[in-house]
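Participant: Predicted model, plus sequence, below.
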Amino acid sequence: MKRREIYRQLELGMLRYIDLIDVPSRDNGESLLCLKSENGLLINPINDDMAKFTGSNIYVRKTVAEKLCRITTKLKDKNGNYSLEIVYGYRALKIQEKLFQKFMNKYRKHFSGIELLEVVHRNIAVPEISGHPTGGAVDLQIVENGEPLDFGTKIWEFNKDSYTFSPFITKTASKNRKLLRELMLSEGFAPFDGEWWHFSYGDREWVKYYGKVFTIYKQIDIDKERNSQKAN
């Protein structure tokens, strides 16, 4: 089988925009929490997209934060030199829209209509269904003594070998992807297998992956969230 066809087969197994658009959305009212670098959990924003909203901090929903802490403990049990590095969590919707348009411009010369949306969705989710603005999605990797393990591609390297099950990476990289995936699944996160680093809880991808009825997190406005917390 040719390399191109193998990638195509992998894409057929990924959740698509059309799979997610009609998922019923509810919110349980859970708050956003600021993650802290402690006990093997490292917080290192991958860029300054969210700086005007959150500074150098990363926010996620409360349950997501608790799950990440438990995963860190499990990871440390496997290797004391390993840490879980979070590079992205909550994303403001206006930032999601900006990133989406960037990829739309990149691919619109070659695709159109629903096909264009699906191609872009594999790189950056369509804003109306995206998980990062819910606070339930995270981008992360495992590091050893501060250095990322070999995952075959760098985190946020948007090419087809970043597909979780790409056969064109080393056995070591495949093993590391498997470890990360198993740890995240152990706490009920849903994987997006178009990006080995992306996992979510409570959003539309989580609903479809686990056969739930509706989301437990909707997209939220972080400024309104902060004002609500201050009022309480």
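Facilitator: Received, thanks.
Participant: So which residues of this structure form strands?
Facilitator: Secondary structure of the chain, counting by DSSP state E: strands at 32-34, 41-43, 59-61, 82-88, 137-144, 147-148, 190-191, 198-200.
Participant: what are the C-alpha coordinates of the longest one, in PDB please?
Facilitator: Backbone C-alpha positions of strand 137-144 (Å, rounded to 0.1, in the frame of the first residue of the first chain) are rendered in PDB as follows:
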ATOM      1  CA  ALA A 137      -9.100  19.800  25.900                       C
ATOM      2  CA  VAL A 138      -5.400  19.700  26.400                       C
ATOM      3  CA  ASP A 139      -2.200  19.400  24.300                       C
ATOM      4  CA  LEU A 140       0.600  17.700  26.100                       C
ATOM      5  CA  GLN A 141       3.600  15.500  26.000                       C
ATOM      6  CA  ILE A 142       5.900  13.500  28.300                       C
ATOM      7  CA  VAL A 143       9.400  14.900  29.100                       C
ATOM      8  CA  GLU A 144      12.300  13.200  30.700                       C
END
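Participant: The strands of the chain: which one's closest to residue 221?
Facilitator: Go through these one by one with C-beta to C-beta and the one that ends up closest to residue 221 is strand 32-34, at 10.5 Å. From N, CA and C alone the C-beta is placed, and that goes for glycine too.
Participant: which residues touch that closest one?
Facilitator: The set of residues external to strand 32-34 that reach it, using C-beta atoms under 8 Å, 6 or more residues apart in numbering, is 54, 57-62, 65, 90, 135, 220, 222, 225.
Participant: Next up, the contacts around residue 199.
Facilitator: Residue 199 sits next to 137, 138, 140, 184, 189, 190, 191, 192 when contact means C-beta under 8 Å, 6+ apart.
Participant: For these, which two are the farthest from each other?
Facilitator: 140 and 190 (13.8 Å).
Participant: For the chain, which segments are assigned as helices?
Facilitator: Counting by DSSP state H, one finds helices in the chain at the ranges 3-12, 17-20, 51-54, 62-78, 93-107, 113-121, 171-186, 204-210, 222-231.
Participant: Residue 152 against residue 167, yeah?
Facilitator: No. The pair residue 152 and residue 167 does not pass the contact test of C-beta atoms under 8 Å, sitting 10.3 Å apart.
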